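Engineer: Here is a sequence together with a model predicted from it:
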Amino acid sequence: MYYIREIRDSTNLSQKDFADMLHIPVSTLRKWEQNQSSPPSYVLNFIRNSFPQTNKDYEEYLGSEKKKFYLDRNNNKVGDSLGNWISFHEDISNVTKENIGIYIETLFDRYYEIVKSFDDELKCDKIHKIKWR
């Protein structure tokens, strides 16, 4: 479906990476994007619910390098175009919109760094068989 192509394009992922994220064959994704077949409704609902850019109730913020971030004020959470969500507790009603965008991008930059560090530590552990005590 063309709609799925738009979602994938908004993530800046290749067909292979997007298909891997959904745990489907690339050929299936291609058929959906070229309207040769349609995903089951539960898959379409999953895709819609997984990517914040499909929800018009979220505020969109454009970061550097055209990264898109989303604010869900009702549930105090922010998301990125890959469907990662981070909850927060502070009331942001009096924070300027421009600053919110900067804070969200900074938060996700830190999040990506932590995830990368975690992945690197796991890889190192597998190679060196580290035992922590």
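Structural biologist: Structure received.
Engineer: Quick check: closest non-adjacent residue to the residue positioned nearest the centre of the chain.
Structural biologist: What sits nearest the mean C-alpha location of the chain, by Cα atoms, centre = their mean, is Leu82, with 1.6 Å. Leaving out its chain neighbours, the residue that sits closest to Leu82 by Cβ to Cβ, 6 or more residues apart in numbering is Thr11, at 5.7 Å. To be clear about C-beta, it is placed using only N, CA and C from the backbone, and glycine gets the same treatment.
Engineer: Lys31 now?
Structural biologist: That would be Ser37: by Cβ to Cβ, 6+ apart, it lies 4.3 Å from Lys31.
Engineer: A strand includes that neighbour, no?
Structural biologist: No: Ser37: not assigned to a strand; according to DSSP: H, G, I helix; E, B strand; the rest coil it is coil.
Engineer: Next up, phi/psi of it, please.
Structural biologist: Main-chain dihedrals, Ser37, degrees, to the nearest 10: phi -160, psi 170.
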